[in-house]
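[1] sequence and predicted structure, then a few things I'm wondering about:
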Amino acid sequence: MNEQASATRAPATQPAGDGWTAVCRQRDLTPDTGICALVGGKQVAIFLSRRGDLYGISNYDPIGGANILSRGIIGSVGEAVVVASPLYKQHFDLRTGECLEDAGHRVNTYPVRICNGQVQVKVR
């Protein structure tokens with residue numbers, strides 16, 4: 001695995017209890033960038049905003065047809081905190097998973113938290 005891939009894709013570790021899975025350390029996250037972790041067989045894109053908010057969405061871009069959203073650019077459109085897909089630039093709301101340009105498309109969202117310095121994701 002090359003250095004770039006290891007920096008953007010975090011392997012999931014043992015479940016942390018109550019359905020939560022630790023995926024990386026808090027200090028491994030860089031504000032306004034994403035990482036991808038395989039949790040429960042699902043690719044989850046995890047984002048840390050500049051304000052310190054955590055978001056988890058499916059890494060799969062339903063419009064571009066690729067697992068790529070963790071490499072998107074975080075920003076805002078109106079009140080929505082979004083990630084812009086690196087493929088066709090559609091914006092997905094990080095809170096709801098809704099595509100702003102095409103309401104017929106959405107991605108799954110996942111709860112993310114920090115517990116004892118570990119970033120944890122809960123995949124339903």
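    Yes, it's here. Keep in mind it's a predicted model, so treat the numbers as computed, not measured.

[2] where in this structure is pLDDT low?
    1-17 (pLDDT under 70).

[3] and the helices in it?
    3-8 (DSSP state H).

[4] which stretches of it form strands?
    Here the chain has its strands, by DSSP state E, at 9-11, 15-17, 20-25, 33-39, 42-48, 54-58, 60-61, 66-67, 73-77, 80-84, 91-93, 109-110, 112-115, 118-122.

[5] wait, which of these is closest to A103?
    Nearest of those to A103, taken as CB to CB: strand 91-93 at 10.8 Å. Any C-beta I mention is one placed from the backbone N, CA and C, and that applies to glycine too.

[6] so what does that closest one touch, helix or strand wise?
    Helices and strands touching strand 91-93, by 3 or more CB pairs under 8 Å, 6 or more residues apart in numbering; DSSP states H and E, are strand 80-84.

[7] try it again with 10 Å
    strand 54-58, strand 73-77, strand 80-84 (3 or more CB pairs under 10 Å, 6 or more residues apart in numbering; DSSP states H and E).

[8] Y110: which of these is closest?
    Nearest of those (CB to CB): strand 54-58, 3.6 Å.

[9] that older thread, would you reformat the strands of the chain as a markdown table and include mean neighbour count and distance to D102?
    Shown next, in a markdown table, are these (neighbours: other CB atoms under 10 Å; distance: least, CB to CB, whole Å):
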| stretch | mean neighbour count | distance to D102 |
| --- | --- | --- |
| strand 9-11 | 17 | 27 |
| strand 15-17 | 14 | 35 |
| strand 20-25 | 20 | 29 |
| strand 33-39 | 21 | 21 |
| strand 42-48 | 23 | 19 |
| strand 54-58 | 22 | 16 |
| strand 60-61 | 20 | 12 |
| strand 66-67 | 14 | 16 |
| strand 73-77 | 14 | 14 |
| strand 80-84 | 19 | 13 |
| strand 91-93 | 23 | 10 |
| strand 109-110 | 20 | 17 |
| strand 112-115 | 15 | 25 |
| strand 118-122 | 22 | 26 |
